[in-house]
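S.K.: sequence? don't have it. structure:
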């Protein structure tokens with residue numbers, strides 16, 4: 001994302017295409033990953049650096 005690499009493990013791998021497929025991130029599909037604290041941290045990092053935004 002934005003030319004940076006992030007290591008995703010285990011069940012997180014399906015999140016990569018969701019984040020990188022296009023300009024719109026489907027919040028309903030993203031919700032399946034919200035129970036994982038590490039993934040929430042990654043989403044916070046991406047949001048804070050302006051790589052993703054949510055409407």
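M.R.: Arrived safely. As the structure is a computational prediction, the values presented were derived from the model and not from experiment.
S.K.: Surely residue 52 and residue 18 touch.
M.R.: No. Contact between residue 52 and residue 18 fails when scored by Cβ atoms under 8 Å: they sit 10.5 Å apart. Glycine gets a C-beta too; all of them are placed from N, C-alpha and C.
S.K.: Show me the helices in this protein, by range?
M.R.: 15-20, 27-30, 37-48 (DSSP state H).
S.K.: Just put those helices in CSV and tack on mean pLDDT, mean neighbour count and distance to residue 7.
M.R.: Below are these laid out as CSV (pLDDT from 0 to 100; neighbours: other Cβ atoms under 10 Å; distance: least, Cβ to Cβ, whole Å):
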stretch, mean pLDDT, mean neighbour count, distance to residue 7
helix 15-20, 81, 14, 10
helix 27-30, 83, 11, 19
helix 37-48, 86, 14, 10
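S.K.: Figure out which of the ones you listed is closest to residue 4.
M.R.: helix 37-48 (9.1 Å; Cβ to Cβ).
S.K.: any shared contact partners between residue 52 and residue 18?
M.R.: Shared contacts of residue 52 and residue 18 (Cβ atoms under 8 Å, 6 or more residues apart in numbering): residue 25.
S.K.: how about the helices of the chain in TSV, adding distance to residue 6?
M.R.: Shown next, in TSV, are these (distance: least, Cβ to Cβ, whole Å):
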stretch	distance to residue 6
helix 15-20	8
helix 27-30	15
helix 37-48	6
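S.K.: Which among these is found nearest to residue 3?
M.R.: The nearest among those, by Cβ to Cβ, is helix 15-20 at 11.2 Å.
S.K.: which residues sit against the closest one?
M.R.: 1, 8, 25, 26, 29, 30, 33, 39, 46, 52.
S.K.: Can you pick out the most distant pair from the residues you listed?
M.R.: Longest span within those, Cβ to Cβ: 8 and 26, 17.5 Å.
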